[in-house]
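Colleague: what's the 3D shape of this:
(one chain, ligands or ions: 1)
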Amino acid sequence: SGKRDLLGKRVLISAGGTREYLDPVRFIGNPSTGKMGLALVQAALHRGAYVTLVHAPIEWAVPQGVQAIAGVNAHQMQQAMLENFADADLTVMSAAVADVKPAEYSQEKLPKRSLPEQLPLAPVPDIVAELGRRKQPHQRLIGFAAQTGDIITPARQKLQQKKLDAIVANPIDKPNVGFGSDFNSAVFLDNQGRQIEIPHCSKLKLAHQLFDFVSGLYSRGQKT
Ligand code: C5P
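Modeller: Okay, here's the model as predicted:
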């Protein structure tokens, strides 16, 4: 379609799975490949946006015309998101951020025999929750919630707790969706009580449907 509803808008997208290193060769991570983030970037470009991408390690080339900032761990991703958030009209936090990190980092590779039986962990910052606290009335903030089982209840809680405008509840226990797949399915929820189910489709199509879904939220409180 030729929708140009993001013409001239600044869209900030995070993508990929963060890695929290214990030493130079071991990390806590997740299976995210950033494909949903890439689809969001492509859809936003197509609709006329200026796109800034903050990404953890990803398995694809960043499209032409995108301002990209690379990081590895949650702390680096938070720094880059905070630096770019104030300028963004619409922010989509599709990165899979590790919830915890090893409490200490060793510059030297730890010998196998010196690895502790129980690894002390420390929390990482909740990036999107911090963005929710900083959000100005004209800004829109969208999060993701990858879930197994009941995807709706936890997504609705995250929508409220993190002060999001909308959230993508994303099942990861179904075949051919979620991490690493070119396909996805979801339920979109917003802070106006809307809830729509998006059947199995390509991640690019889902990205466009998400921008369609939030376009209604967009006009509220907008400087014209
Ligand atoms: O709480 P949970 O991790 O399931 O929330 C998912 C949403 O929060 C996603 O949008 C994810 O990018 C974001 N998140 C974050 N910082 C974290 C953990 C999650 O921004 N440390």
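Colleague: only C-alpha atoms for contact and neighbour calcs from this point on.
Modeller: Fine.
Colleague: from memory A155 sits against D165, does it?
Modeller: No - with contact defined as Cα atoms under 8 Å, A155 does not count as touching D165 (12.0 Å).
Colleague: and those two? which has more neighbours close in?
Modeller: Neighbour tally, A155 and D165, criterion other Cα atoms under 10 Å: the higher count belongs to A155, 24 against 20.
Colleague: Q107 against D23, yeah?
Modeller: Yes - using Cα under 8 Å, Q107 is in contact with D23, at 6.0 Å.
Colleague: Give me the more crowded residue out of those two.
Modeller: D23 (15 against 10).
Colleague: Who is I167 paired with across the strands?
Modeller: Counting by DSSP bridges, I167 is bridged to G143, L189.
Colleague: contacting residues for it?
Modeller: 142-145, 155-156, 159, 188-190 (Cα atoms under 8 Å, 6 or more residues apart in numbering).
Colleague: ok, and which of these reach the ligand?
Modeller: 143-145 (Cα under 6 Å from any ligand atom).
Colleague: Return the closest of those with respect to K35.
Modeller: Within these, distances to K35 taken as Cα to Cα reach their minimum at F144, with 13.5 Å.
Colleague: Check which residues of the host helix or strand of Q76 are buried.
Modeller: Applying DSSP states H and E as the criterion places Q76 in helix 74-85. The neighbour-count check on helix 74-85 (16 or more other Cα atoms under 10 Å) flags 74-78, 80-82, 84-85 as buried.
Colleague: what's in contact with stretch 189-203?
Modeller: With Cα under 8 Å, 6+ apart, stretch 189-203 has contacts from 35-36, 39, 155-156, 159-160, 164-169, 177, 182-188, 206.
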